[in-house]
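# give me a 3D structure for the following:
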Amino acid sequence: VFAEEFPEVNVINYSPGPVDTELLRTFLETTPDESVREELKGLKNKRPHLTTEQTVKRLVAILRDQKYKSGNHVDYFSDI
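Down below sits the predicted model:
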């Protein structure tokens, strides 16, 4: 809605992907739900967790290239 009401503003909803942070590591170790832990570990095996540097570099490249429509959702893994 904001992007439509203010077309002069460049709006992006960026999903940074699975970033290896202290919060994620703590969650993997301490969440009481075994199924959630296993799901997160399985995701890590499918796609390695990213560093903060990797996801920030990707965001900067996305913003620089501006191949997305203002207001769209863009994921780290989006092919744009």
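# strands along the protein, start to end?
With DSSP state E as the criterion, the chain has strands at 13-15, 73-75.
# turn those into a markdown table, columns for mean neighbour count.
Where you see a C-beta, it was placed from the backbone N, CA and C, and this is true even at glycine. Below are the strands of the chain laid out as a markdown table (neighbours: other Cβ atoms under 10 Å):
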| stretch | mean neighbour count |
| --- | --- |
| strand 13-15 | 13 |
| strand 73-75 | 14 |
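# mean pLDDT and distance to Leu23 for those - can I get that in CSV?
As requested, those are arranged in CSV below (pLDDT from 0 to 100; distance: least, Cβ to Cβ, whole Å):
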stretch, mean pLDDT, distance to Leu23
strand 13-15, 97, 16
strand 73-75, 97, 19
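# out of these, which is closest to Thr52?
Closest approach to Thr52 among these is made by strand 13-15 (13.3 Å; Cβ to Cβ).
# which residues touch the closest one?
Residues outside strand 13-15 that contact it (Cβ atoms under 8 Å, 6 or more residues apart in numbering): 59, 62, 71-76.
# and those residues, which two are furthest apart?
When the contacts of strand 13-15 are compared pair by pair using Cβ to Cβ, the farthest-apart members prove to be Gly71 and Tyr76, with a separation of 18.4 Å.
# report the helix or strand with the lowest average pLDDT across the chain.
Ranking every helix and strand in the chain by mean pLDDT, DSSP states H and E puts helix 34-46 at the bottom, with a mean of 81.
# show me what that one is packed up against.
Counting contacts by 3 or more Cβ pairs under 8 Å, 6 or more residues apart in numbering; DSSP states H and E, the secondary-structure elements packed against helix 34-46 are helix 22-30.
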